[in-house]
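>>> Following is a predicted model, sequence given first.
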Amino acid sequence: GPRTLVLLENGNLRDTHSLFFRSLADRGFDLTFRTADDAGLSLIKYGEFLYDNLIIFSPSIEDFGGNINVETITAFIDGGGSVLVAASSDIGDPLRELGSECGIEFDEERTAVIDHHNYDISDPGQHTLIVADTENLLKAPTIVGKAALNPILFRGVGMVADPDNPLVLDILTGSSTSYSFFPDKPITQYPHAVGKNTLLIAGLQARNNARVVFSGSLDFFSDAFFNSAVQKATPGSKRYSQTGNYELAVALSRWVFKEEGVLRVGAVSHHRVGELAPPNAYTVTDLVEYSIVIEKLSDGKWVPFDGDDIQLEFVRIDPFVRTFLKRNGGKYSVQFKLPDVYGVFQFKVDYNRLGYTHLYSSTQVSVRPLQHTQYERFIPSAYPYYAGAFSMMVGLFMFSIVFLHMKEKEKSD
């Protein structure tokens, strides 16, 4: 299975977070557990990645052991690796640095997300044990799962997304009454994160399809939070026998480790309608058929993808044709007429949807003008000119006859 390195704060986390690790092992993951300051740690050896995935459950670490540091982790992401990070209020500098590399800014050490309206009934008094409503989840079933979830328990540090980074996903936000500050200090300055800007869980899908998930709470993944009952402290609130943490954690791990939302391009074909093979070059205004096979990874197998919003563009610098592809069995196809413009064109499918990997396919073709034998012999709009030319010829002929045979009368003496 996928080789996964798990960096732990201490050995106890294997027991306190055993349900989450068991769910990964049951899905075939090959887990390697190490403490984060282990001197023998290594992610890359001889330029090769030793692991496919990385889990960092060591929030307060100040220095990773071995030859792992923030640079090697970002190189791992640049190489297409997947990373799951859980922080807490004791967050150290390396995780803060890794977050800023990925467009996410953690609040200061010892701060926590506080919500005086949405805390759990078992909260000891600082209102940091938050009940997060599922309507604050990102509307993307491939990332957060399709099933309706119970409320989610969260205790940890808040994050803010870089507004200039379009790749960051706000997976779970705080409610409008939440904020991030020191729980034991009076508020003397504007908090780092306020209201729905407070991120509890954030994600990133890089342009190379590498995925990273940051959770501000390590407890979010714990057995205690998975099995806990949950009820808001406000009077009359409904009690749930279990949180939605386990289902959400499993859905997030399926997405971040690329078991979910992965697309690929299969066979691509194009030809004139009525033919089977692509020509060396198309002619302007040809009727063309284009088809592409798109597959989705599902439970380890590639199955046909079912989407109704996939577009094809026929591009020469700018798109000349943009049309929807229609699903036909396992492939998508469309017929269209080429523009009356010649040049070098591309059939381009560029599909970018929330929760899915970026799908891109381009096929280059030449479109040539009509050969002189392919033009019409007579053009209807030129009939008046033809008539004018022939009438001139007839007129000249008749004038010549009259001119040649007209005899002047002889003058009488």
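Yep, that arrived. Fair warning: this is a prediction, and the values are worked out from it, not measured in the lab.

>>> Would you mark the buried spots in the helix or strand that Ser291 is a member of?
Following DSSP states H and E, one finds Ser291 within strand 287-298. By neighbour count on 16 or more other C-beta atoms under 10 Å, the buried set for strand 287-298 is 288-297. Quick note: C-beta positions are derived from backbone N, CA and C, even for glycine.

>>> Stretch 79-96 too?
Buried, per 16+ other C-beta under 10 Å, within stretch 79-96: 81-89, 91-92, 94-96.

>>> What of stretch 114-125?
114-115, 118-120, 123.

>>> Please save the CA atoms from that stretch in PDB.
Listed next in PDB are the C-alpha coordinates belonging to stretch 114-125 (Å, rounded to 0.1, in the frame of the first residue of the first chain):
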ATOM      1  CA  ILE A 114     -12.900  30.600  21.500                       C
ATOM      2  CA  ASP A 115     -16.600  30.700  20.900                       C
ATOM      3  CA  HIS A 116     -18.900  31.900  23.700                       C
ATOM      4  CA  HIS A 117     -22.100  30.700  21.900                       C
ATOM      5  CA  ASN A 118     -21.100  27.400  20.400                       C
ATOM      6  CA  TYR A 119     -19.100  25.500  23.100                       C
ATOM      7  CA  ASP A 120     -19.700  22.000  24.300                       C
ATOM      8  CA  ILE A 121     -21.500  21.300  27.500                       C
ATOM      9  CA  SER A 122     -18.400  19.500  28.900                       C
ATOM     10  CA  ASP A 123     -16.200  22.600  28.400                       C
ATOM     11  CA  PRO A 124     -14.300  23.400  31.600                       C
ATOM     12  CA  GLY A 125     -15.000  27.100  31.400                       C
END
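
>>> For it, what is the distance to the chain centroid?
Between the centre of stretch 114-125 and the centre of its chain there are 35 Å (C-alpha atoms, centre = their mean, to the nearest Å).

>>> which other residues reach that stretch?
Residues outside stretch 114-125 that contact it (C-beta atoms under 8 Å, 6 or more residues apart in numbering): 126-133, 153, 174-175, 177-181, 183, 228, 230-234, 237.

>>> Pairing partners for the strand holding Ser291, with directions?
strand 263-272 (antiparallel), strand 301-304 (antiparallel), strand 331-337 (antiparallel) (DSSP bridges).

>>> what mean pLDDT would you report for that strand?
Here strand 287-298 scores 91 as its mean pLDDT.

>>> likewise stretch 203-219?
Stretch 203-219 carries an average pLDDT of 91.

>>> That one: end-to-end distance?
Its first and final residues considered, stretch 203-219 spans 18 Å by C-alpha to C-alpha, to the nearest Å.

>>> Please apply the same query to stretch 153-167.
26 Å.

>>> And stretch 275-283, by the same measure?
For stretch 275-283, the first and last residues are 14 Å from each other (C-alpha to C-alpha).

>>> circling back to that earlier point, turn the buried residues of strand 287-298 into TSV, including distance to Ser400.
As requested, the buried residues of strand 287-298 are exported to TSV (distance: C-beta to C-beta, whole Å):
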residue	distance to Ser400
Val288	55
Glu289	59
Tyr290	61
Ser291	65
Ile292	68
Val293	73
Ile294	74
Glu295	79
Lys296	82
Leu297	85
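
>>> Can you tell me which of the residues you listed lies closest to Arg34?
Distance to Arg34 across those (C-beta to C-beta) is lowest for Leu297, with 28.4 Å.

>>> Relative to Ile55, which of the buried residues of stretch 114-125 is nearest.
For the buried residues of stretch 114-125, the nearest to Ile55 is Asp120 (26.0 Å; C-beta to C-beta).

>>> Give the bridge partners for the closest one, please.
Lys232.

>>> Can you pull out the low-pLDDT segments for the protein?
For the chain, the stretches with pLDDT under 70 are 412-413.

>>> Mind naming the longest helix for it?
Ordering each helix of the chain by length in residues (DSSP state H) puts helix 383-405 first.

>>> Take that helix, keep the C-alpha atoms, and write them as CSV.
Extracted C-alpha coordinates of helix 383-405, given in CSV (Å, rounded to 0.1, in the frame of the first residue of the first chain):
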residue,chain,number,x,y,z
TYR,A,383,-24.2,36.4,-61.5
PRO,A,384,-24.8,40.1,-62.3
TYR,A,385,-21.1,40.5,-63.2
TYR,A,386,-21.2,37.4,-65.4
ALA,A,387,-24.3,38.8,-67.1
GLY,A,388,-22.6,42.2,-67.6
ALA,A,389,-19.5,40.6,-69.2
PHE,A,390,-21.6,38.4,-71.6
SER,A,391,-24.0,41.2,-72.5
MET,A,392,-20.9,43.4,-73.4
MET,A,393,-19.6,40.6,-75.7
VAL,A,394,-23.0,40.2,-77.4
GLY,A,395,-23.4,43.9,-77.8
LEU,A,396,-20.0,44.3,-79.3
PHE,A,397,-20.7,41.4,-81.7
MET,A,398,-24.0,43.0,-82.9
PHE,A,399,-22.4,46.4,-83.1
SER,A,400,-19.6,45.0,-85.3
ILE,A,401,-22.1,43.3,-87.7
VAL,A,402,-24.1,46.5,-88.1
PHE,A,403,-20.9,48.6,-88.4
LEU,A,404,-19.4,46.4,-91.1
HIS,A,405,-22.5,46.0,-93.2
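
>>> And it, what's buried?
Per 16+ other C-beta under 10 Å, helix 383-405 contains no buried residues.

>>> Can you name the residues in contact with that helix?
With C-beta under 8 Å, 6+ apart, helix 383-405 has contacts from Phe378.
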